[in-house]
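Enquirer: Sharing a sequence plus its predicted fold:
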Amino acid sequence: TVVFESVTQDKKEIAVHADLEDEGQQIFFPEIATQANCPDTNTQMAVPKKELTITDTVSYHLIPNKEYKLTGTLMDKKSGKPLQIDGKEITSELTFTPEDAEGTVELSFTLDATALAGKTIVVSYQDKEVAFHTQIDDDPQTIYFPEIKTTAKDGKDGDQEVLAEKETSIIDTVSYKDLVTGLTYRVVGTLMDKETGK
């Protein structure tokens, strides 16, 4: 927003300052928006592994040539509280100086995600001095860790003992958690030999 000034005397304008490019007259309303992504899958879904990196692309509208510090925190969507791994919050910081008023920067979070199957996490920014983005239900900020569980049963009587017959069927019921709605998924099942592991 640019402030224009006008001075009048006896209803006549005698002085005016109306320069859109005058930085001294400009008021900025900083804003950031984010898009979280897992580089391993190139989607908002991640595999819960020992060393996982989540990249968050932050779009900004800020004052050019001024230094800013971006601080992000991973949040547990269900509890609304910061995610903790081994008792520590997962945060990341980046200091940058934008050349233009609008642009993007990337912030990375690296964590042990082995215990996150079935959870959903959200990237949050809370620097209230400049701009913040803390909507726990904002989908672009969200990373999903899908989880499935299965229960195999005899297709004839529903128990887990199958007769060794020429033709038999096994029905496997797959329950899922934290899949992204609106997407199409394919479930592939394979019968394994428990003794050989093959």
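Expert: Right, received. Where do you want to start? Residues are numbered from 1 along each chain as shown.

Enquirer: going forward, measure contacts and count neighbours with C-alpha atoms only.
Expert: Will do.

Enquirer: how close does the closest residue to Ile27 other than its chain neighbours get to Thr142?
Expert: Closest residue to Ile27 apart from its sequence neighbours, by Cα to Cα, 6 or more residues apart in numbering: Thr1 at 5.1 Å. Remark: distance between Thr1 and Thr142 (Cα to Cα, to the nearest Å) = 32 Å.

Enquirer: quick one: which of the two has more around it?
Expert: The neighbour count for Thr1 versus Thr142, taken as other Cα atoms under 10 Å, is higher for Thr142 (25 against 9).

Enquirer: follow-up on the earlier one: I'd like the distance between the residue nearest to Ile27 and Lys66.
Expert: Per Cα to Cα, Thr1 is found 18 Å from Lys66.

Enquirer: likewise Val47?
Expert: 38 Å.

Enquirer: so what strands line up beside whichever strand or helix holds Gln35?
Expert: According to DSSP states H and E, Gln35 maps onto strand 31-37. Strand pairing for strand 31-37, determined by DSSP bridges: strand 52-61 (antiparallel).

Enquirer: Show me what the helix or strand just after the strand it pairs with is packed up against.
Expert: As assigned by DSSP H and E, the chain's next helix or strand after strand 52-61 is strand 68-76. Packing contacts for strand 68-76, counted by 3 or more Cα pairs under 8 Å, 6 or more residues apart in numbering; DSSP states H and E, involve strand 91-96, strand 120-127.

Enquirer: Can you give me the buried ones in stretch 23-32?
Expert: Buried residues in stretch 23-32, counted by 16 or more other Cα atoms under 10 Å: Ile32.
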